[in-house]
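Trainee: only geometry, no sequence info:
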């Protein structure tokens, strides 16, 4: 199993589509056997799911992520654990032992609608996230 974590300065990077690095963990028998930091080489939102798929990634841990990226990851068969912050190593350990706190409805608040950020759900401008593809 391979797990990717958005990565910057030793922490989980909070915007999937702008991450410049992933920390990639190889796991066997429920234990981390290796890890490495991989550059995205400037790949943007759309290309990141393809990059992860090409690396053989099974799961992604990240902070915030938008709807298009969520859909691309789902299409690639990559499990998403969003809304996570802090240490990548601790997050992977928590995922492996079943204690990772994550948000299955992670905010996609980097999008800007009508001059105000939004979170998933009804945000007062006439549509919900399900209307604009966040899920």
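Mentor: Happy to help now that I have it. Here the structure is a predicted model, which means the values were calculated and not measured. Residues are numbered from 1 along each chain as shown.
Trainee: would you list every one of the helices in the protein?
Mentor: For the chain, the helices defined by DSSP state H occupy 45-54, 67-75, 88-96, 129-132.
Trainee: I'd like those as JSON lines, with mean pLDDT, mean neighbour count and distance to residue 11 appended.
Mentor: To be clear about C-beta, it is placed using only N, CA and C from the backbone, and glycine gets the same treatment. What follows is the helices of the chain, written out as JSON lines (pLDDT from 0 to 100; neighbours: other Cβ atoms under 10 Å; distance: least, Cβ to Cβ, whole Å):
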{"stretch": "helix 45-54", "mean pLDDT": "86", "mean neighbour count": "17", "distance to residue 11": "18"}
{"stretch": "helix 67-75", "mean pLDDT": "91", "mean neighbour count": "17", "distance to residue 11": "19"}
{"stretch": "helix 88-96", "mean pLDDT": "97", "mean neighbour count": "18", "distance to residue 11": "7"}
{"stretch": "helix 129-132", "mean pLDDT": "36", "mean neighbour count": "14", "distance to residue 11": "26"}
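Trainee: any chance of these in CSV, with distance to residue 60 too?
Mentor: Converted to CSV, the helices of the chain look like this (distance: least, Cβ to Cβ, whole Å):
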stretch, distance to residue 60
helix 45-54, 6
helix 67-75, 6
helix 88-96, 10
helix 129-132, 19
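Trainee: Select, out of these, the one closest to residue 102.
Mentor: helix 88-96 (8.3 Å; Cβ to Cβ).
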